[in-house]
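> My questions are about this predicted structure, shown below with the sequence.
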Amino acid sequence: MADQTHVLFVEDDDVIREATQLALERDGFAVTAMPDGLSGLEAFRANRPDIALLDVMVPGLDGVSLCRRIRDDSTVPVIMLSARADSIDVVLGLEAGADDYVTKPFDGAVLVARIRAVLRRFGHASGNDRTADAEAAPVGGGVLTFGDLEIDTEGMEVRKAGQPVALTPTEMRLLLEFSSAPGTVLSRDKLLERVWDYGWGGDTRVVDVHVQRLRTKIGQDRIETVRGFGYKLKA
């Protein structure tokens, strides 16, 4: 397991859990599968996986609450699984700190593609894709300053008014995209492509929720909404 990408998979449906675990293992992943949120939290703390797949509706501790508990002390990538594309499920999961979500029923190949896309953003090779290179940060070296906001693009650190700002890797990549072209409007589709590595269409709610999370950390007025077009970082 040491040289494999370790996936924590929390799903209460026995058939889905076993079938998905087998599919992921066939693709080269090491999988720890748990039937409920409490056992999932214990497994996370014991094993520290490379990525977590959390079903929203699991007993004991639901997936959204489990995601929040994981985010309390870890930036490990999290993908939420939902039986429906309900706005509340999606937004709650993303607001809890999830990096992406997949709607059930899902195609195994699509799930693997989404896992690999997330892991590439986090600098991990994955499964049978162990030779994949971590993507370079979209900004060159140095410290960028926007008012009281400082972005160290080499140390991957952010400070606001001299105080460190804790960002998840996805939030950091989003901020780097904005800071690479301050004052330039970036569409939601372009951000999905550059930050989430979507070579296909994606749900723009992922972008909207992450922008809002980023605003709460760096300042609500730092990122401007340009209606009908997207977002831009105020120069």
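Sure thing, it's come through. Source: prediction; values computed, not measured.
> show me where the chain has strands.
6-10, 30-34, 51-55, 78-82, 100-103, 143-146, 149-152, 157-160, 163-165, 223-226, 230-233 (DSSP state E).
> can you tell which of those is closest to Val90?
strand 100-103 (5.7 Å; C-beta to C-beta). Glycine gets a C-beta too; all of them are placed from N, C-alpha and C.
> Quick one: list the elements packing against the closest one.
strand 78-82, helix 87-95, helix 108-121 (3 or more C-beta pairs under 8 Å, 6 or more residues apart in numbering; DSSP states H and E).
> Could you check how far the closest residue to Met156 other than its chain neighbours is from Asp152?
With C-beta to C-beta, 6 or more residues apart in numbering as the criterion, Met156 has its nearest non-adjacent residue at 6.1 Å, and that residue is Met172. Relative to Asp152, Met172 is positioned 11 Å away (C-beta to C-beta, to the nearest Å).
> Please compare the two by neighbour count and tell me which comes out ahead.
Between Met172 and Asp152, counted using other C-beta atoms under 10 Å, Met172 has the larger neighbour count: 22 against 13.
> ok, back up a step: shared neighbours, Met172 and Asp152?
Val158 (C-beta atoms under 8 Å, 6 or more residues apart in numbering).
> Show me how far stretch 36-46 is from its chain's centre.
In terms of C-alpha atoms, centre = their mean, to the nearest Å, the centre of stretch 36-46 is set 19 Å apart from its chain centre.
> Oops, could you answer that again for stretch 167-176 instead?
Taking mean C-alpha positions (C-alpha atoms, centre = their mean), stretch 167-176 and its chain are 9 Å apart.
> Quick check, Thr75 in contact with Pro169.
Yes: with contact defined as C-beta atoms under 8 Å, Thr75 reaches Pro169; the gap is 5.9 Å.
> mind listing what's buried in the helix or strand of the chain with the lowest mean pLDDT?
Every helix and strand in the chain was compared by mean pLDDT, DSSP states H and E; the lowest is helix 87-95, with a mean of 83. The neighbour-count check on helix 87-95 (16 or more other C-beta atoms under 10 Å) flags Asp89, Val90, Val91, Leu92, Gly93, Leu94 as buried.
> and the residue of the chain positioned farthest from its centre, how far is that from Arg173?
Distance from the C-alpha centroid of the chain, by C-alpha atoms, centre = their mean, peaks at Gly147 (27.5 Å). The gap separating Gly147 from Arg173 is 21 Å, by C-beta to C-beta.
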